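Enquirer: how would this look folded up:
(one chain, ligands or ions: 1)
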Amino acid sequence: MPKLLLHVCCAPCATHVIETLKEDFELTAYFYNPNIHPEEEYGLRLENLKKLDAESIEGKYDTAAWFNATKGYESEPEGGARCEICYRLRMEEAARFAKENNFAFFATTLTISPHKNARAINSIGEELSKKYGIKFYAADFKKKNGFKKSVELSRKHGLYRQSYCGCVFSMRR
Ligand code: SF4
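Expert: Numbers count the residues shown, from 1 in each chain. The predicted structure follows:
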């Protein structure tokens with residue numbers, strides 16, 4: 001099976017996506033999320049990913065890179081311009097890492113959220129695919145009851161489900 005690097009934003013979102021993709025790919029989960037605030041929350045989300053049946057790799061928790069990239073967009077609403085920068089930063093690191101480590105594909109769990117625009121995420125993925133010369137697995141994982149299934153699987157695995165997206169701005173709201 002071809003090797004796929006899956007950028008994982010958190011364990012609950014990864015549940016259904018991993019179940020779907022592991023039928024066709026040799027999958028590795030890549031936890032690269034410098035957006036998550038505070039560090040305790042980051043640790044909790046990472047720890048929960050380890051409860052799932054998938055090989056996983058932790059990327060760098062580079063919060064300075066995230067704050068630099070989103071500077072000036074602090075007051076944007078969720079789903080606005082700051083979020084597109086945030087998706088791109090995380091997906092670009094996944095594309096770069098996947099290419100460097102000989103994966104055939106990269107993908108992301110981000111589209112499973114009902115709050116996230118799959119068209120914008122897939123368009124970033126296609127752009128990065130061209131830039132790094134690696135295939136992007138485009139999908140809208142929330143479709144076909146994907147989000148509902150992820151909630152059920154999270155319950156089954158006893159996963160922690162956070163109440164905010166991840167960054168300090170979404171936490172304050
Ligand atoms: S709300 Fe979520 S997607 Fe948007 S910038 Fe914050 S962590 Fe990133």
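Enquirer: how distant is stretch 28-38 from the center of its chain?
Expert: Its chain's C-alpha centre and that of stretch 28-38 lie 7 Å apart, by C-alpha atoms, centre = their mean, to the nearest Å.
Enquirer: tell me the mean pLDDT for it?
Expert: For stretch 28-38, mean pLDDT rounds to 98.
Enquirer: and that stretch, which residues are buried?
Expert: Using 16 or more other C-beta atoms under 10 Å as the test for burial, stretch 28-38 gives 28, 29, 30, 31, 32, 33, 34, 35, 36, 37. Just so you know, the C-beta spots here come from the backbone N, C-alpha and C atoms, and that holds for glycine as well.
Enquirer: Number of residues surrounding residue 133?
Expert: Using other C-beta atoms under 10 Å, residue 133 has 8 neighbouring residues.
Enquirer: Next secondary structure element downstream of the host helix or strand of residue 124?
Expert: Assigned by DSSP states H and E, residue 124 falls within helix 118-132. Beyond helix 118-132 in the direction of the C-terminus, DSSP H and E gives the next helix or strand as strand 135-136.
Enquirer: and for that next one, what are the contacting residues?
Expert: With contact meaning C-beta atoms under 8 Å, 6 or more residues apart in numbering, strand 135-136 is reached by 95, 104, 105, 106, 107, 122, 125, 126, 128, 129.
Enquirer: Remind me which helix or strand the spatially closest residue to the fourth one that is not a sequence neighbour belongs to.
Expert: Meaning residue 106. Distances taken as C-beta to C-beta, 6 or more residues apart in numbering place residue 98 nearest to residue 106, at 4.0 Å, with adjacent residues excluded. Secondary structure assigned from DSSP H and E places residue 98 in helix 81-100.
Enquirer: show me the contacts for residue 118.
Expert: Residue 118 sits next to 111, 139, 140, 142 when contact means C-beta under 8 Å, 6+ apart.
Enquirer: buried subset of the contacts of strand 135-136?
Expert: Buried among these (16+ other C-beta under 10 Å): 95, 105, 106, 107, 122, 125, 128, 129.
Enquirer: Would you reformat those as TSV and include distance to residue 158?
Expert: Below are those laid out as TSV (distance: C-beta to C-beta, whole Å):
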residue	distance to residue 158
95	32
105	30
106	29
107	25
122	31
125	31
128	34
129	35
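Enquirer: In TSV: those residues, plus distance to the ligand and pLDDT.
Expert: Listed next are those as TSV, based on distance: C-beta to the nearest ligand atom, whole Å; pLDDT from 0 to 100:
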residue	distance to the ligand	pLDDT
95	17	98
105	22	98
106	18	98
107	17	98
122	15	98
125	15	98
128	17	98
129	21	98
